[in-house]
Structures are given as C-alpha cells and as structure tokens.
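1. Build me a model from this:
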Amino acid sequence: MNNRPHPHGPSGSTPSPRRRGPGPFTLLVLPGLVTALAVAGFLTLTGGFDPDSTQAATAQPNSADQVNASYGPWLRKAAGACAVLSPSVLAAQIDQLSGWESDSGEPGRSGIAAFTDAAWKRWGKDDDGNGRSSPLDRPDAIMALGRQDCALATKVTTLRTDGTVSGDLVELTLAAYAVGEGEVVKAGRVPASASTYVGEVKSRLARYAGFDHEDAGDGTGRTAGAVLAAPVGTLTVTSPFGSRVHPLTGVTKLHTGVDFGAPQGAQVSAARQGRVVFAALTKAYGNRIVIDHGTIQGKRLETTYSHLSALQVTAGQTVRTGTPIGRVGSTGLSTGPHLHFEVIYGGYYTDPQPWLSSGH
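-> Take a look at the predicted model:
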C-alpha cells in the first residue's frame, strides 16, 4: 500500500512546496508558442493573409486581378465603337451584372452580360469566330454589350446635344440601359429609379482602370488653360459662364457657356482638333455644332458652338484647330448676333475661359 502523502493533502505530514515566480520557459517561450499556434490556426482557416490588408475590408471578390487578361482586347474593341464608353465602364458593368460569372443568377438571363434571349437576338454575334453566337462565349458577350451600350450612348448624346436631357453621358447611358431611354427623357436626367444601378457600376470603375488606354489628345501633354484656340477673332464676353436670368425666358438657371459678341457672319473656327459629332438646327440653340476632342487626363473634352447663321461642317467630319466650321448668327433663342461657346469636360459643363486664357 502506498503511504506517500499527497503534497496538497490535509495531513500536513509533508510541507507544501514554496511558490516560485514564472520560469524562463513561461516568460520567453510559451507566449511565442501560443502566438505561433494562433497564426497557424488562422492560416489554416483562411488560406493565408491578404497581401493588401488595408483593402481587405472593402475589396470585392471579383476584381480586375481575377479577370482573364485576354478579355482586355475585347473590352477595348467593344468600347472603341463609340466615344462615350471606356473598357473600364464595360468591365464594371459586367461586374455589377454577374460578377463575371457565366450564370448571373437571374432567371431568363445568361452569360456574364446577363442577356435575355430577345436582347441577344438583337445584339449578339459570333465575334470570336468559333462558329457559334452565344451569350456564354465571353468575347461574344462583351462585344454585344458594347454594341448595346453604344447604341444607347448615341441616343443620349443626341438628347443632351439638343437640350432634352442633361448630365454625364456615361451616367445617362447606364441609366438608359437600366430603366430605358423613355424614363431618362421623362426625367430629363438620370432618373431616381436608375441611380442605384449607376452608382454600383461607377463604384467598380477604379478596379478596372488598367484596361483603359488613355488618349493623350493631340500628344502635346497640355492641360486646361492651354488646350483651346479662340473660336472667334475677338473674345469679347457679353455674358459669362454661371447662374443668370435668361434674357428671353426670365428663368434663373446656369448659363452653360460664355457668349462672345461678334458681328453677324463673323467666322467661327474649331477650338481644337477633333471630330464633329453634331451639326444641325435645334430649337433653343439654333444652328449648333458639337466637336469631340477625345480625352485629356482620362476625361472627355467637347466644345459646342451655337446660334450660328451658317454651318460649314457636317457630323462625322474631322477638323483641325482653326478649321472654319460656321458663321456667327442669332438663330434659336437669341437676342442678337453672338457665339454661345461651351466646354464640356468629363460630361459636365465648365467655364470655358480658363481653357482659353493661356494663349489669349
């Protein structure tokens, strides 16, 4: 029989050992071991650390890093069909529609661009040349979405040019895709019913910016303050950019350009090289010309020339800086001969004078 008393028993026959402080193992080794075990457990459960932990809370699972780089040329080709779209817009739209998954999860829609059968019949083609036209072929879907968006962009560009709607062309195009062109016309801008969709697409743009090829304009590297030549011989301002009471309607609203006083028939010239996208008679602006100058620092630049007595160019024509495009007049809602000149940068009206000031 074992008569050895328990060291912590009540008999008291064996004195209790003296309590000591923590030893070197406890102080130095044990904390590190516990930490190592915790890290190993975390790695086992999560698959490792996020290499960019500062973005872990906001990163989306479907980023440009996970989009096959071979889609880049297709995105650029699809966006290149019209001036409004960029590859990043198409990529962000696909991300919003399906997360780049072939099954969007919506009944009746298929492929990464979530086409219905009816929409595919209208926009789909065998763009990759594999012998079939299918929304499940990603190049086909990208190109079809580009065609659909470009058609909408053309419509909203015309609507904004003639004053029916206002706002950013990309946003208007996305809104027309989401709720239809009629709703955009009814609202005169991006309707509230489309704001969520537009916002979701725009929130994804930055992650796909790598797909964009920025056009440096005329290659000079110049920026605002040096990019535009005088559209008329003398820049005599009769009404500046900003809020004003309209002299004919009496309504206080933004004067979206600057009025340069000039005699009837004076020559009007292109302020920068570009492509004429509109040249026609409108109700409010009279004879009006819109020139697309490409992108500067990632944003599209357009200039407009209104109330002309004569048009000397047609839509689709390429012009150089100083090319004669029309004559000063007083057509449309106008109180006398002058040039109403606008600068639209990144889809928004901006004061034209800083763009002209460096050279004049």
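
2. in this protein, which helix or strand is least confident?
-> helix 30-46 (a mean of 48; mean pLDDT, DSSP states H and E).

3. I'd like the next helix or strand past that helix.
-> Elements were assigned by DSSP states H and E; along the chain past helix 30-46, the next helix or strand is helix 71-79.

4. Please spell out which residues along that next one are buried.
-> Buried residues in helix 71-79, counted by 16 or more other C-beta atoms under 10 Å: 71-72, 74-76, 78-79. Every C-beta, even on glycine, is put in place using the N, C-alpha and C of the backbone.

5. go on, stretch 290-309?
-> For stretch 290-309, by 16+ other C-beta under 10 Å, it's 290-296, 300-309.

6. first to last residue in that stretch, what's the distance?
-> This stretch, stretch 290-309, spans 15 Å end to end (C-alpha to C-alpha, to the nearest Å).

7. what about Lys186, how many residues close to it?
-> Each residue near Lys186 was counted by other C-beta atoms under 10 Å, and the total is 11.

8. Same question for Gly167.
-> 18.

9. before we move on, what about Ser203?
-> Ser203: 13 neighbours (other C-beta under 10 Å).

10. And the one 3 residues further on, by the same measure?
-> Summarising burial for Ala206: neighbours were counted as other C-beta under 10 Å, giving 12.

11. The longest helix along the chain: how far from the chain's middle?
-> Identified as the longest helix of the chain according to DSSP state H is helix 138-161. Centre-to-centre, helix 138-161 and its host chain are 14 Å apart (C-alpha atoms, centre = their mean, to the nearest Å).

12. What residues does Val258 make contact with?
-> Each residue near Val258 by C-beta atoms under 8 Å, 6 or more residues apart in numbering is listed here: 237, 239-241, 340-342, 351-353.

13. For stretch 172-191, which outside residues touch it?
-> For stretch 172-191, the external contacting residues (C-beta under 8 Å, 6+ apart) are 84-85, 89, 93, 148-149, 152-153, 155-156, 159-160, 164-168, 171, 193-194, 197-198, 201-202.

14. swap that for stretch 320-332, sorry
-> Stretch 320-332 has contacts (C-beta under 8 Å, 6+ apart) with 229, 232, 262-273, 276, 279, 281-289, 291, 305-313, 319, 336-339.

15. From start to finish, how long is that stretch in a straight line?
-> The first residue of stretch 320-332 is 27 Å away from its last residue (C-alpha to C-alpha).
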